[in-house]
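*Asks:* Compute the structure for the input listed below.
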Amino acid sequence: MPLISKASSAPAAAEVPFFDRARETAPLETLRGWQWERLASGFADVLGSNAFWRARLHAAGIRDPRDLASWADFAKLPRLTKGELAADQAAAPPFGTNLTYPLDRYVRVFQTSGTTGPPIRWLETDASWTWWARCWAMVFRAAGLGPGDRLFFPFSFGLFVGFWAGLEGATARRKRFGLRRHFAIAPWSDRVEVYWRDGCEAYVTPVAEDEVGVAMLWSGEGGRFECLLERFPDLARRLASAPVASRDRGAGPFHRRARAAVRGRIALVGDAAGYVDAITGEGLALAFREAQALATSVAGGGLVRYAAEARRWRRLPETLTRLLLIAERRPRLRRRLFATLERDPRLFARLLAVHCRAVPASRLGVGAAVRLAGVVVGV
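*Replies:* Below is the predicted model of the structure:
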């Protein structure tokens, strides 16, 4: 295990340190549900293309994904020893037959140290390597390490996976994803409703007289819509009998950067020009403003003006988005913020007006800025 040096002398954070609070504090039954979901989703791939495991599963009487229907069936899975992996790689070098995907899908190769036998080579896909990094990131955060701290890795890395995974985990960031579904139910409000839970938000939008759209944004690994909806019991009960009116649509991970909005005769508009997150719901509005600025620039004879206009239009929404993401990652800060806005509706209205560009940010006022600063510092 890599040694950790906490170089920062900053005081420990007041909150319990979590990398992914929603998953690290989820009830046991919820965790088991997520684990089963991942096991079931990958089982068909293993049976279909992994020769090593297919032979072992068939020998255990498991020939179809439906043969593994619940945790009670989990005991049917055959045990695996390191010797069996070594023998397989010796018979079919260099990687053996324990491969679920074509070689070009694997992005990293590692091997064990060989201390207790022949080294075992191991391949990782981009998804599985991300899982390694998240595991180590949770370990570091639980040890009290965070922004401002420094980790020292005094190793000659070689091909040993543990050192590389620890280094990757030290730079891991939580990724955000989005998923949208429509329901055939009359809207119960003419406004957009936003529900917040640690690590997840739900946005309910009336889209027709008999239909609402529900968008989920969350931090962490991918998830099914039903599992995300369970985090919002009141909303789940309201939608329990409503028919699904669309296919699920997803996006992520968020936070994409473009080097420039203009290069040569090519101009990027909206999300194509990069975005931080969908948490403010401003994607289309920003794209329309940039499209208008692009048309004006083209009519004026070039794209130079548009490059400057795009930067100007993005400055405010990106700042507000980053501030909201800070609140999303810090539950106590978020609760203080919401309590402040609930006590002072005029402050909320003023912030919304700035966000919608109805008034300039300079009109927010010194008093409002002081109250918001008090929320951040906890006074």
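*Asks:* for the record, mean pLDDT for the strand or helix carrying A308?
*Replies:* Assigned by DSSP states H and E, A308 belongs to helix 304-329. Per-residue pLDDT over helix 304-329 has a mean of 81.
*Asks:* Run through the neighbouring helices and strands of that helix.
*Replies:* Applying 3 or more Cβ pairs under 8 Å, 6 or more residues apart in numbering; DSSP states H and E, we find helix 304-329 packed against strand 262-263, helix 283-299, helix 331-343, helix 345-355. C-betas here are computed from N, CA, C, even on glycine.
*Asks:* Which of these sits closest to F74?
*Replies:* helix 331-343 (33.8 Å; Cβ to Cβ).
*Asks:* ok now the closest one, how far from the chain's centre?
*Replies:* 23 Å (Cα atoms, centre = their mean, to the nearest Å).
*Asks:* now the angle from that helix to helix 304-329?
*Replies:* 100 degrees (axes from the mean of the first three to the mean of the last three Cα atoms, to 10 degrees).
*Asks:* Could you pull out the buried residues of helix 331-343?
*Replies:* Neighbour-count burial for helix 331-343, counted by 16 or more other Cβ atoms under 10 Å, picks out 331, 333-334, 336-337, 341.
*Asks:* what's the answer for stretch 254-270, then?
*Replies:* By neighbour count on 16+ other Cβ under 10 Å, the buried set for stretch 254-270 is 254, 261-262, 267-270.
*Asks:* avg pLDDT for it?
*Replies:* Rounded mean pLDDT across stretch 254-270 is 81.
*Asks:* And for stretch 100-119?
*Replies:* The pLDDT scores in stretch 100-119 average 87.
*Asks:* thought V269 was touching E290?
*Replies:* Yes - here V269 reaches E290: they are 4.7 Å apart, a contact under Cβ atoms under 8 Å.
*Asks:* any shared contact partners between those two?
*Replies:* A261 (Cβ atoms under 8 Å, 6 or more residues apart in numbering).
*Asks:* what's around the closest residue to L80 other than its chain neighbours, how many residues?
*Replies:* The spatially closest residue to L80, leaving aside those adjacent along the chain, is R56, at 7.8 Å (Cβ to Cβ, 6 or more residues apart in numbering). Per other Cβ atoms under 10 Å, the neighbour tally for R56 reads 17.
*Asks:* returning to that earlier point: for the helices and strands packed on helix 304-329, give me TSV that also has distance to F153.
*Replies:* Converted to TSV, the helices and strands packed on helix 304-329 look like this (distance: least, Cβ to Cβ, whole Å):
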stretch	distance to F153
strand 262-263	38
helix 283-299	39
helix 331-343	31
helix 345-355	42
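*Asks:* can you tell which of those is closest to A60?
*Replies:* Taking these one by one with Cβ to Cβ, helix 331-343 is closest: 44.4 Å.
*Asks:* circling back: next, the angle helix 283-299 makes with the helix holding A308.
*Replies:* Using the same axes, to 10 degrees: helix 304-329 against helix 283-299 is 170 degrees.
*Asks:* Next, the angle helix 345-355 makes with helix 304-329.
*Replies:* Orientation of helix 304-329 against helix 345-355 (the same axes, to 10 degrees) gives an angle of 150 degrees.
*Asks:* can you give me the offset of helix 304-329 from its chain's centre?
*Replies:* The answer for helix 304-329 is 20 Å, by Cα atoms, centre = their mean.
*Asks:* and what of stretch 82-94?
*Replies:* On Cα atoms, centre = their mean, the centre of stretch 82-94 falls 36 Å from that of its chain.
*Asks:* Ok, stretch 19-34 next?
*Replies:* 15 Å.
*Asks:* List the buried residues in that stretch.
*Replies:* Across stretch 19-34, burial judged by 16+ other Cβ under 10 Å covers 19-24, 26, 34.
*Asks:* cool, and stretch 303-310?
*Replies:* 303, 305-307, 309-310.
*Asks:* looking at this, W122 is in a helix?
*Replies:* No - assessed by DSSP: H, G, I helix; E, B strand; the rest coil, W122 does not belong to a helix; its assignment is strand.
*Asks:* Just give the number of residues close to it.
*Replies:* By other Cβ under 10 Å, neighbour count at W122 equals 18.
*Asks:* Kindly report the same for V214.
*Replies:* 23.
*Asks:* separation between it and Y195?
*Replies:* Per Cβ to Cβ, to the nearest Å, V214 is found 9 Å from Y195.
*Asks:* again with A236
*Replies:* 10 Å.
*Asks:* List the residues that contact T25.
*Replies:* By Cβ under 8 Å, 6+ apart, the residues touching T25 are 18, 198.
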